[in-house]
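Participant: Sequence and predicted structure are below.
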Amino acid sequence: MKTLIPMLVLALLVTGSLPPSTAAQVPPANLQYGATVFPLGFPETTPRDLQLLAGARLGWARIAVPWRSVESGCKNCFDWTDLDRVVAALNAAGVKVMARVSHPPDWARTVKLADNGPPDAIFDYADFVQAVARRYGPTSPKGAIHAIGVWNEPNLTSEWNGVPISRDQAAQYLYMLKETYRMVKEVNPSMLVVSAGLSPTGTNDGTAQPDDVYLGWLYEEGLARYSDVVGVHGAGYGSPPEAEFGSHPNPGLAHPSFYFRRIEQLREIMVANGDWAKQVWLLEFGWTTDQVNPDRTFYAVSPEQQGDYIVRGFTYARERWSPWVGVMFIWNLAPDPNWTTTSEQYWWSIADPDGTPRPAYRALAAARANGTLP
């Protein structure tokens, strides 16, 4: 495989010779293991999630923090109770926390054309994230949040209030990221600010833009200056992680977006924009086993394949993408209690709702235990 960064860059990363301001803003240059979990609002399933994280030796948890769940009634009307509980529980278990913040409260958003969308005033979002960064600093008695994810999949109209996705809309997202980055660093310089993972869409019909096109727009708007980590999404969509683009027999999956190795193309965009020293984090990656929803079955894999591909995905990244890949979060560990078997997300999980391991979880836990995934 073609090397994506020069050997000189590798030497600088290993020896620690990067400028101090850059070196201080990235985690250690080695792959780390994580998963998305859903403890917020569900104290009854938090022990399940903690047990599963420990059993597979996953050192990071990615949690969704709906802004509306903490500052719901009015500006500066905070209820931290549940987030305090979750952060404290994960910290006590020795798990690092990444919090993805989206979904504004009603008071911050007057026009609602989709469930998720930016607030009327971007400052209100950045102000809330700053409050999170202040409350959960590295020495806080409440516990620490180690990284903040600024929004989710802004290259989808469903995540941006129904607005068509365009270059101008990408500039709006970058402004959100810029202001949030600035305000987080004012109060918690050690907190890593992660750009939103982009959906691998393969289409530019206005409801979405391809992740590579959108990432290029973000760099033109200044992404390199306003993020510590670049977030990406890397689903396999039916193909093994090592698969070449276009190798899937279904022509509907020919686009490079639908391959795990799409990450390599996104990395090339980073390097082309001079952002070679920054890590990539896979905020969501995995394979679905969905045989229920007809529009998903054509890229589903068996439960056994799901486990095999996840282990191979970690292995491929560790062997081919170090040191520029950082944390890889499986999407997802176990279902959100609100999901049913008709929910598309349910079938990406690697454990059942009651915590019973599915074959993928067993494969992952075994690989972590026997050293296949050190």
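Facilitator: Happy to help now that I have it.

Participant: Skipping adjacent residues, who's closest to Tyr361 in space?
Facilitator: Ile350 (4.2 Å; Cβ to Cβ, 6 or more residues apart in numbering). Quick note: C-beta positions are derived from backbone N, CA and C, even for glycine.

Participant: Tell me how far that neighbour lies from Ala35.
Facilitator: If you measure Ile350 against Ala35 using Cβ to Cβ, to the nearest Å, the figure is 8 Å.

Participant: Give me the common contacts of the two.
Facilitator: Ile330, Asn332, Leu333 (Cβ atoms under 8 Å, 6 or more residues apart in numbering).

Participant: And the closest residue to Asp352 other than its chain neighbours, what's its pLDDT?
Facilitator: Spatially, and ignoring its direct neighbours in sequence, Asp352 is nearest to Arg358 (6.4 Å; Cβ to Cβ, 6+ apart). Per-residue pLDDT puts Arg358 at 99.

Participant: Now do Arg358: how many residues are near it, please.
Facilitator: Using other Cβ atoms under 10 Å, the number of residues around Arg358 comes to 19.

Participant: so what's it up against?
Facilitator: Contacts were defined as Cβ under 8 Å, 6+ apart; by that measure Arg358 touches Thr289, Pro303, Gln306, Gly307, Ser349, Ile350, Ala351, Asp352.

Participant: State the distance from the third one to Phe285.
Facilitator: Which is Gln306. Distance from Gln306 to Phe285, counting by Cβ to Cβ: 12 Å.

Participant: tell me which of the shared contacts of Ile350 and Ala35 is nearest to Ala89?
Facilitator: Taking Cβ to Cβ as the measure, Ala89 lies nearest Leu333 of the shared contacts of Ile350 and Ala35, at 14.4 Å.

Participant: Tell me the pLDDT of Pro20.
Facilitator: Value listed for Pro20 in the pLDDT field: 32.

Participant: same thing with Lys2?
Facilitator: pLDDT, Lys2: 37.

Participant: try Ala64
Facilitator: The model's pLDDT for Ala64 equals 98.

Participant: Now do the same for it: helix, strand or coil?
Facilitator: strand (DSSP: H, G, I helix; E, B strand; the rest coil).

Participant: Got the phi and psi for Arg182?
Facilitator: Backbone geometry at Arg182, expressed as degrees, to the nearest 10, gives phi -60, psi -40.

Participant: show me the contacts for it.
Facilitator: By Cβ under 8 Å, 6+ apart, the residues touching Arg182 are Ala126, Tyr226.

Participant: Next one: it relative to Ala126, how far apart?
Facilitator: 7 Å.

Participant: Next: Asp82.
Facilitator: 22 Å.

Participant: Those two - which one has more neighbours?
Facilitator: Remark: of Asp82 and Ala126, Ala126 carries more neighbours, 22 against 16, as counted by other Cβ under 10 Å.

Participant: Can you name the helix or strand that that one falls in?
Facilitator: Using DSSP states H and E, Ala126 maps to helix 122-135.

Participant: show me the contacts for the residue lying closest to Ile165 once chain neighbours are set aside.
Facilitator: Closest residue in space to Ile165, ignoring its immediate chain neighbours: Gln209 at 4.6 Å, by Cβ to Cβ, 6+ apart. Counting by Cβ under 8 Å, 6+ apart, Gln209 touches Asn155, Ile165, Ser166, Ala170, Thr201, Thr203.

Participant: how close does the closest residue to Ala254 other than its chain neighbours sit to Leu198?
Facilitator: Excluding its sequence neighbours, the residue lying closest to Ala254 (Cβ to Cβ, 6+ apart) is Gly246, at 4.9 Å. Separation of Gly246 from Leu198 (Cβ to Cβ): 21 Å.

Participant: Between those two, tell me which one has more neighbours.
Facilitator: Per other Cβ under 10 Å, whichever of Gly246 and Leu198 has more neighbours is Leu198, with 28 against 13.

Participant: Need the per-residue pLDDT for that one.
Facilitator: Leu198 is assigned a pLDDT of 98 by the prediction.

Participant: now do the one 3 residues further on
Facilitator: At Thr201 the predicted local confidence, pLDDT, stands at 96.

Participant: Number of residues surrounding it?
Facilitator: By other Cβ under 10 Å, 21 other residues sit near Thr201.

Participant: tell me the contacts of it?
Facilitator: When contacts are counted by Cβ under 8 Å, 6+ apart, Thr201 touches Asn155, Leu156, Ala208, Gln209, Pro210, Asp211, Ser257.

Participant: So for this structure, the centremost residue is which one?
Facilitator: Nearest to the mean C-alpha position of the chain, by Cα atoms, centre = their mean, lies Leu283 at 2.0 Å.

Participant: what helix or strand does that one sit in?
Facilitator: According to DSSP H and E, Leu283 maps onto strand 279-286.

Participant: Please name every helix or strand in contact with the helix or strand that comes right after that strand.
Facilitator: On the C-terminal side of strand 279-286, the closest following helix or strand by DSSP H and E is helix 303-320. Packing partners of helix 303-320 (3 or more Cβ pairs under 8 Å, 6 or more residues apart in numbering; DSSP states H and E): strand 279-286, strand 325-330, helix 359-370.

Participant: Show me the contact partners of the first one.
Facilitator: Residues lying outside strand 279-286 but in contact with it, judged by Cβ under 8 Å, 6+ apart, are 26-27, 29, 36, 62, 98, 100, 149, 194, 197, 229-236, 260, 263, 266-267, 270, 306, 310, 313, 317, 321, 323-332, 348, 350.
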